[in-house]
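1. Below is the sequence, then the predicted model.
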Amino acid sequence: MITKRHALKLAVALLTSAAASAYAADTGPIKIGLILPMTGQSASTGRQIDAAVKLWMAQNGNKVAGRTVEVILKDDGAVPDATKRIAQEMIVNDKVAVIAGFGITPTALATAPLATQSKTPLVVMAAATSSITQASPYIVRTSFTLPQVTVAIADWAAKNKIKKAVTLVADYGPGFDAEKFFDSQFRLDGGQVLDKLRTPLRAPDFAPVLQKVIDVKPDALFVFLPSGQGAAFMKQFAERGLDKSGIRLIATGDVTDDDQLAEMGDVAIGVVNSHHYSAAHPSATNKKFVAAFEAANKFRPNFMAVGGYDGMRVIYKALEATKGAGGEALLNAMKGQVFESPRGPVLIDAQTRDIVQDVYIRKVERVPAMNNGLYNVEFDVIKAVKDPGKQK
């Protein structure tokens, strides 16, 4: 039997332990869990975000509110079960204040329940399905949504002598968003979608769907593919002669990804696309960001990098506001942040916890002033775009 004295000793020990843990939490390092696909098909996403996180910390230091910031990077290979397991270990064992990264939508959705249960803010730096922020009240996004960038290119297409189109998207959440919002906006503007094609998320073969495009003969082919698949698509697009068929290629900026443009070659020149970030964005803030990024990494930043860089900014500024506290206080400090990003002005909407940002219409061009490289050169902008997927 436990005597009163033993019970009292046990209670005192537990309180002492709890107090010691709280003190350690208040004075020890602030841990940020970073879950990225560093291997596998989405490895370019992990490489870009990891580099951007390191650049932010190199420029802004590793201390916030007098405490050291420690980033714990884990590779999930873009496998949702692995993401969930890693996130649980980070929350329970590492006692992270926030989890960030998430290269594709399924990995973010797999982790959402854990964020809610543990009240751990989750910062999505890459995944782009509209519904992600609705999966947990603790999710904040610093990347973009497919509806944001798709509506813009559909509108542009209908106003530029494209009357009939075929859509080709990857067969998962962002692809469904791109297909849906291109179709609805294009038809609203008087266009006609002749066919809707999808390719597998992993190891896609584009030849069969490109043959269907040739058979249908639309004015244009609209394409969304996740970061990392653009070069393979462009190669097959050229191999099947579509670049000389008179069928115009239009896309979201994932396809003409800065990370892969050099591999695509001249077949990409002239492709009109819409997105929220280009390494050629002409602002002083972006020129400084690109110069620092390239000096540190020897490769060009893409839209994934800017999502990671801005994600770290949101985390740091929130930690400063809460003096290192996590949980709901940290989440609330992320909401409503307004700042100048390398991509342009952005806002973290306090109601939706999603990003509001400018969307640019661009054309792939060879730019002599930038080592004669291929870049997405902006020629139009839609200001302060909210996610159309959340607008009623």
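-> Great, that's in hand.
2. so what's the closest residue to Lys95 other than its chain neighbours bridging to?
-> Residue nearest to Lys95 in three dimensions, not counting chain neighbours: Lys31, with 6.4 Å by CB to CB, 6 or more residues apart in numbering. From N, CA and C alone the C-beta is placed, and that goes for glycine too. Using DSSP bridges, the bridge partners assigned to Lys31 are Glu70.
3. Give the full set of residues in contact with Lys31.
-> Contacts for Lys31 (CB atoms under 8 Å, 6 or more residues apart in numbering) come out as Glu70, Val71, Ile72, Met90, Asp94, Lys95, Val96, Ala97.
4. got a pLDDT number for it?
-> What the model reports for Lys31 is a pLDDT of 98.
5. same question, Ser227
-> On pLDDT, Ser227 comes in at 83.
6. what bits of the stretch 1-150 of the chain have low per-residue confidence?
-> Along the stretch 1-150 of the chain, the model assigns pLDDT under 70 to residues 1-26.
7. sorry, back to before: looking at the contacts of Lys31, state which has the most neighbours.
-> Within those, neighbour counts (other CB atoms under 10 Å) peak at Ala97, which reaches 26 neighbours.
8. Between the two ends of stretch 335-354, how far is it?
-> With CA to CA, to the nearest Å as the measure, the first residue of stretch 335-354 is 9 Å from its last.
9. one step back: which two among the contacts of Lys31 are spaced furthest apart?
-> Using CB to CB, the two most remote members of those are Val71 and Lys95, lying 14.1 Å apart.
10. quick revisit: format the contacts of Lys31 as JSON lines; extra columns: secondary structure.
-> Output for the contacts of Lys31, formatted as JSON lines (DSSP: H, G, I helix; E, B strand; the rest coil):
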{"residue": "Glu70", "secondary structure": "strand"}
{"residue": "Val71", "secondary structure": "strand"}
{"residue": "Ile72", "secondary structure": "strand"}
{"residue": "Met90", "secondary structure": "helix"}
{"residue": "Asp94", "secondary structure": "helix"}
{"residue": "Lys95", "secondary structure": "coil"}
{"residue": "Val96", "secondary structure": "coil"}
{"residue": "Ala97", "secondary structure": "coil"}
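11. Kindly indicate which of those lies nearest Val79.
-> Met90 (16.0 Å).
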